[in-house]
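**Q** how would this look folded up:
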Amino acid sequence: MIIVFEKKADKEEVTEVTKIYKGYTKVVVDIEKEILSAGGEYHADCEQLLISNGSSQENLWGGGFRFNNKEVDFMALTNFKPSINHFTYEISLPEIREKVEKTIRKIFDNE
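**A** The predicted structure is shown next:
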């Protein structure tokens with residue numbers, strides 16, 4: 001199940017979004033609204049849910065979160081935006097990486 005998060009996730013929500021990948025979830029962050037969707041098998045599914053809820057694709061950036069060591073990653077097929085992100089699947093722009101990490105930690109990092 002994919003969930004859209006606007007506030008800190010609770011334990012039940014974390015359990016739900018880590019069902020596909022144990023201890024890990026793929027996420028797509030709306031860097032303007034500071035919300036994210038998580039829990040899908042593919043980043044594109046998370047992206048589509050945010051778009052259907054009013055997000056603009058240019059504000060959506062994918063990555064993931066490992067709950068055991070609290071590591072954020074910045075790799076997703078949805079990040080391939082040649083006019084913005086230099087022909088790569090990893091977020092290459094520091095300002096976008098910072099916004100993505102800040103939102104992921106706001107939702108999932110319980111410390």
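**Q** what does the average pLDDT come to for stretch 42-54?
**A** In this model, stretch 42-54 has a mean pLDDT of 97.
**Q** ok, residue 81 - contacts?
**A** residue 58 (CB atoms under 8 Å, 6 or more residues apart in numbering). Heads up, the C-betas are built off the backbone N, CA and C, glycines and all.
**Q** Next: residue 5.
**A** Counting by CB under 8 Å, 6+ apart, residue 5 has contacts 13, 35, 36, 37, 38, 107.
**Q** Now do the phi/psi pair for the residue located most distally from the centre of the chain.
**A** Largest separation from the mean C-alpha position in the chain: residue 83, at 20.5 Å (CA atoms, centre = their mean). Dihedral pair for residue 83: phi -70, psi -10, per degrees, to the nearest 10.
**Q** where does residue 32 fall, phi/psi-wise?
**A** According to degrees, to the nearest 10, residue 32 has phi -80, psi -40.
**Q** Leaving out the residues flanking it, which one is nearest to it?
**A** residue 59 (4.4 Å; CB to CB, 6 or more residues apart in numbering).
**Q** hang on, the earlier thing: check the gap between the residue farthest from the centre of the chain and residue 58 for me.
**A** 9 Å (CB to CB, to the nearest Å).
**Q** go on, residue 13?
**A** Residue 13 sits 27 Å away from residue 58, going by CB to CB.
**Q** Neighbour count for those two, which is higher?
**A** Using other CB atoms under 10 Å as the criterion, residue 13 and residue 58 rank with residue 13 on top: 17 against 11.
**Q** Right, I'll leave it there.
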